[in-house]
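**Q** Quick check, what structure comes out for this input:
(one chain, ligands or ions: 1)
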Amino acid sequence: MTLDVDIKHRQGSFTLHAQFHSEGRLTALFGRSGAGKTTLVNAIGGLVRPSEGRISVNGRVLFDAGQGIDVPIHRRRIGYVFQEGRLFPHLTARQNLLFGRWFTPRKDRRADFDRMVALLGIEHLLSRRPPTLSGGEKQRVAIGRALLADPLLLLMDEPLASLDEERKAEIYPYIERLRDDGRVPIVLVSHSVPEIARLATSVVVLSEGRVAASGQAAEILRRSDLFPHHDIAEAGALLETRVLRHEDAFALTLLETRAGPLTVPRLALPAGCPLRVRIRARDVILSLEQPHAMSALNVLPCRITALTASGGPGVDVSLDCGGQGLMARVTRKSVEDLGLAPGVVVYAIVKSVALDRDVVTQAPRGEDGP
Ligand SMILES: Nc1ncnc2c1ncn2[C@@H]1O[C@H](COP(=O)(O)OP(=O)(O)OP(=O)(O)O)[C@@H](O)[C@H]1O
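**A** Below is the predicted model of the structure:
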């Protein structure tokens, strides 16, 4: 899918001037509160009318101020999932799901009810009413309702924000399935770096109404300069990997990466399974010599490509490990003491336990390992 946005919109003292092109199956809109994410999503959905510009999805123009095109909301064929599900409380889950269909012309109805229900794992909920469902179950029904209207694009505005970590973890696999199913491209608003690292194929970073950066998830996530201060610790590299083999005696799994083998806690996945691993810059230690007699299992030889001062005591060290980018966050003092500079060969040390289920996730289809 392609999503092209180039719009200006003023509301009160705030101006949104967003310009980007995305080809991702799941494009995440990231930015701090008030950056303009909801305004942008509303403009794509037709709830907000920009003062200037153009929006098109797969070449289909939804809005073009210059040409006087402004496709009405119900003809845009865009699904919307809000933070709170907004289901009809007096209807059953099945009736809520079918409600989505009524607005789609008969000739455009392609989504298969049973298939969607199975994909979202909500078969057993169909006769229940929303007040009896958990937050996560409601959101799955809300996603199903949006998809059964056969949208050409699904907008999700922080759909998991009101859920606790456990409920979120329950829904991620369903969003991953939708993403990899590839039938409907998704635009997801998210505040959470781990969520983006898990789900996104592309990321657009908004800052004060402007696009600070946009591109492939891996490329954006290693740029700590793009993240608000409290999120910097989450910045790091996304590695495309594959399960190599298991070491059952130690409850460990070996992954194959371009940077070399990585050991992680045992995964219940078969050999060959493609994965994404996020290695946070704060979980990487650098050594000038190859360490031995040490408990950390992951030691990756690499070359420093750049040093970026991050303000305060920290410095981000960009590394090239056999063609795989990696990041380490060290102190300015370590940079001086160790003589770290571009071109210097170092060993990156990553503790296996830092690579837990939060950072080892299913790779989007198409990202097929190293
Ligand atoms: N109807 C409105 N009139 C005037 N200003 C508005 C209106 N709606 C939103 N704003 C302002 O526009 C800016 C962007 O708001 P928006 O809701 O798009 O941000 P956001 O990135 O989605 O924030 P959050 O993450 O908190 O939801 C904010 O400064 C907000 O106060």
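**Q** how distant is stretch 9-19 from the center of its chain?
**A** With Cα atoms, centre = their mean, to the nearest Å as the basis, stretch 9-19 stands 25 Å off its chain's centre.
**Q** do stretch 123-139 as well
**A** Computed by Cα atoms, centre = their mean, the chain-centroid distance of stretch 123-139 equals 25 Å.
**Q** Could you list the buried residues of that stretch?
**A** By 16 or more other Cβ atoms under 10 Å, the buried positions in stretch 123-139 come out as L125, R129, P130, L133, G135, G136, E137, K138, Q139. C-beta: built from backbone N, CA, C; applies to glycine.
**Q** do stretch 328-346 as well
**A** A328, R329, V330, S334, V335, L340, V346.
**Q** can you list the domains in the protein?
**A** 3-221, 236-362 (automatic domain parsing).
**Q** Of those, which stretch is the most buried?
**A** Most buried of the domains of the chain by mean neighbour count (mean count of other Cβ atoms under 10 Å) is domain 3-221; its value is a mean of 18.
**Q** Need the residues that contact the lowest-mean-pLDDT helix or strand in the chain.
**A** Counting by mean pLDDT, DSSP states H and E, the chain has its least confident helix or strand at strand 360-362, which shows a mean of 72. For strand 360-362, contacts defined as Cβ atoms under 8 Å, 6 or more residues apart in numbering pick out 172-173, 176, 180, 197-198, 255, 264, 267, 274-278.
**Q** Who are the packing partners of the helix or strand where R177 lies?
**A** Using DSSP states H and E, R177 sits in helix 165-181. Helix 165-181 sits against helix 113-119, helix 135-148, strand 186-190, helix 193-199, strand 360-362, with contacts defined as 3 or more Cβ pairs under 8 Å, 6 or more residues apart in numbering; DSSP states H and E.
**Q** tell me the mean pLDDT over that helix?
**A** Taken as a whole, helix 165-181 carries a mean pLDDT of 84.
**Q** Show me how far stretch 79-94 is from its chain's centre.
**A** Relative to its chain's centre, stretch 79-94 lies at 23 Å (Cα atoms, centre = their mean).
**Q** So for that stretch, first residue to last residue, what's the gap.
**A** One end of stretch 79-94 to the other measures 18 Å (Cα to Cα, to the nearest Å).
**Q** just stretch 254-267 next, same as before
**A** 9 Å.
**Q** before we move on, what about stretch 28-44?
**A** End residues of stretch 28-44 are separated by 14 Å (Cα to Cα).
**Q** hmm, back to that, out of the buried residues of stretch 328-346, who's nearest the ligand?
**A** R329 (25.8 Å; Cβ to the nearest ligand atom).
**Q** secondary structure element for the closest one?
**A** Going by DSSP H and E, R329 is part of strand 324-331.
**Q** need the contact list for L307.
**A** V315, D316, V317, S318, V335, L340, A341, P342.
**Q** Residue ranges in the stretch 101-250 of the chain under the pLDDT threshold?
**A** 103, 228-233 (pLDDT under 70).
**Q** shouldn't R329 be in contact with A281?
**A** Yes - look at R329 against A281 with Cβ atoms under 8 Å: they come within range, at 3.9 Å.
**Q** Can you tell me what sits against the strand holding R329?
**A** Contacts of strand 324-331 (Cβ under 8 Å, 6+ apart): 218, 222, 224, 232-233, 235-237, 239, 257-259, 279, 281-282, 284-286, 300, 302, 305, 310, 313-320, 340, 348, 370.
**Q** for the ligand, what are the nearby residues on this structure?
**A** Q11, G12, F14, G31, S33, G34, A35, G36, K37, T38, T39 (Cβ under 6 Å from any ligand atom).
**Q** So which of the residues you listed sit within helices?
**A** Members of the residues of the chain next to the ligand lying in helices (criterion: DSSP state H): K37, T38, T39.
**Q** picking up where we left off before, take the contacts of strand 324-331 and keep only those in helices.
**A** A218.
**Q** Just the ones of the contacts of strand 324-331 in strands?
**A** Residues of the contacts of strand 324-331 located in strands (DSSP state E): 236-237, 239, 279, 284-286, 300, 302, 305, 314-320, 348.
**Q** Name the nearest of the ones in helices among the residues of the chain next to the ligand relative to V204.
**A** K37 (9.0 Å; Cβ to Cβ).
**Q** quick one: contacts for that closest one?
**A** So K37 contacts L29, F30, G31, D157, V189, L206 (Cβ under 8 Å, 6+ apart).
**Q** if we go to 10 Å?
**A** By Cβ atoms under 10 Å, 6 or more residues apart in numbering, the contact set of K37 is 16, 18, 28-31, 157-158, 187-191, 204-206.
**Q** And it, what's its pLDDT?
**A** So, for K37, pLDDT stands at 94.
**Q** Each with direction, which strands does the least confident helix or strand of the chain pair with?
**A** Strand 360-362 has the following strand partners under DSSP bridges: strand 274-280 (antiparallel).
**Q** what angle sits between the strand it pairs with and strand 324-331?
**A** 20 degrees (axes from the mean of the first three to the mean of the last three Cα atoms, to 10 degrees).
**Q** Alright, calling it a day.
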